[in-house]
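> coords please:
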Amino acid sequence: MTTTSERPTTEDHAEPTGAAAAPNRFVQVGGDTFAHRRFGTPSATLPPLLLLQHFRGNLDFWDPILLDVLAADREVITVDQRGVGASTGATRDDVTATATDTAAFAAALGLEHVDVLGFSLGGHVAQELALRHPRLVRRLVLGGTAPQGAPNLHPWSDDVHALATADVTTPEDFIALFFSGSTESTRAGWEHLARTSARRQDRDEPTDLATRDAQYTALMTWGIPESSKLERLSAIRQPTLVANGDDDTMMDSRNSLLLAERIPGAQLRLYPDAGHGFLDQYPRLFGEHVRAFLGR
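So this is what the prediction gives:
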């Protein structure tokens with residue numbers, strides 16, 4: 001395990017660029033239509049990077065700065081899972097089923113190999129995808145996530161549950177849940193929201209309460225403590241980068257250390273004065289770390 005502990009500088013505000021204007025696309029997967037965006041320049045040596053989103057998130061929740069950094073030398077693909085945002089069907093309430101859908105989505109696009117960045121719930125799916133479809137996933141980035149059966153994961157605290165599952169989530173709720181509460185972190189949170197709301201054309205559909213309920217079930221089922229499940233991580237042989245803020249109250253930063261300890265050869269980066277939304281707080285720095293890890 002490799003651990004890095006440097007203090008990054010908070011991002012300055014920047015206007016969204018190329019990725020923020022990527023058009024919505026649609027592909028048939030198992031009788032439903034999956035909404036996605038595909039942008040960047042195809043590489044002769046690097047597979048596309050597939051991004052898997054967090055609880056209740058859609059295509060518009062990815063920070064445009066992060067996307068543009070990641071797409072500097074390769075294709076990047078973001079996707080709404082079944083029933084999420086503009087994708088049709090019923091949202092899965094099971095991580096394994098979602099991973100199966102993700103593999104089918106990749107096949108529908110004709111992709112034989114991908115790198116995968118999974119954030120939060122998307123990180124659960126990314127782990128399962130790497131385990132069940134090892135020849136599909138070349139390299140793996142796990143952000144703000146936890147292994148199946150990990151401690152300190154189930155159930156959420158009262159505060160986290162109230163903020164994450166409210167019928168209507170306000171910007172203030174989002175910042176309280178994803179950022180550390182310090183002046184710098186809070187400022188970065190508002191700047192992130194300004195960037196993600198800047199897109200005016202072709203925005204994604206909001207996620208609905210049926211998606212919330214299904215994804216919550218998937219999260220709680222994954223988080224039931226069961227130490228034997230941790231042994232599964234030894235089968236992840238893809239080079240893996242684990243990243244998080246140093247004070248993630250939603251997934252618990254200690255679970256990122258556990259992932260890095262249990263996945264053979266995994267690297268670990270913890271970002272100081274950051275919570276669950278570390279990648280939204282430091283989108284350019286995290287993006288460059290991901291690019292360095294995945295190769296150029």
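> Any idea how many residues pack against the closest residue to residue 178 other than its chain neighbours?
Using CB to CB, 6 or more residues apart in numbering and skipping the chain neighbours, the partner closest in space to residue 178 is residue 277 (3.0 Å). For glycine as for every other residue, the C-beta is placed from the backbone atoms N, C-alpha and C. Here the number of neighbours of residue 277 (other CB atoms under 10 Å) works out to 28.
> so residue 277 makes contact with residue 247?
No - proximity of residue 277 to residue 247 does not meet the contact threshold set by CB atoms under 8 Å, at 11.2 Å.
> any idea how far the residue nearest to the spatial centre of the chain lies from residue 264?
A centroid search over the chain (CA atoms, centre = their mean) returns residue 119, at 1.9 Å, as the residue closest to the centre. For residue 119, the distance to residue 264 equals 22 Å [CB to CB, to the nearest Å].
> for residue 96, same thing?
From residue 96 to residue 264 the distance is 22 Å (CB to CB).
> Those two: which is more packed in?
Legend: neighbour count by other CB under 10 Å for residue 96 and residue 264, higher for residue 96 (18 against 13).
> Now residue 39: closest residue in space, sequence neighbours ignored.
residue 22 (4.0 Å).
> OK, contacts around that neighbour?
Going by CB atoms under 8 Å, 6 or more residues apart in numbering, residue 22 touches 37, 38, 39.
> Reduced to three states, what does the last one come out as?
Each residue gets one of three states, and residue 39 gets strand by DSSP: H, G, I helix; E, B strand; the rest coil.
> Is residue 269 in contact with residue 241, as I believe?
Yes - the pair residue 269 / residue 241 is scored as a contact, 7.0 Å apart, by CB under 8 Å.
> Overlap of the contact sets of the two?
residue 289.
> dump the residue contacts of residue 233.
So residue 233 contacts 127, 147, 259, 262, 263 (CB under 8 Å, 6+ apart).
> Farthest-apart pair in those residues, please.
Using CB to CB, those span at most 10.6 Å, a distance reached by 127 and 262.
> Mind checking which of these two has more residues around it?
Applying other CB under 10 Å to residue 127 and residue 262 shows that residue 127 carries more neighbours, namely 28 against 18.
> Helix or strand for the more buried one, just tell me which one.
helix 121-132 (DSSP states H and E).
> That helix packs against which elements?
strand 49-52, helix 95-108, strand 114-119, strand 137-143, helix 209-222 (3 or more CB pairs under 8 Å, 6 or more residues apart in numbering; DSSP states H and E).
> Contacts for the last one, please.
This means helix 209-222. 55-56, 83-84, 90-95, 98, 121, 124, 146, 148-149, 153-155, 165, 167.
> likewise the third one?
Under the contact criterion CB under 8 Å, 6+ apart, strand 114-119 has outside partners 46-54, 70, 77, 106, 124-127, 129-130, 136-145, 279, 290, 294.
> Show me what whichever strand or helix holds residue 27 is packed against.
Secondary-structure element containing residue 27, defined by DSSP H and E: strand 25-29. Applying 3+ CB pairs under 8 Å, 6+ apart, one finds that strand 25-29 makes contact with strand 32-40, helix 95-108.
> Good, we can wrap up now.
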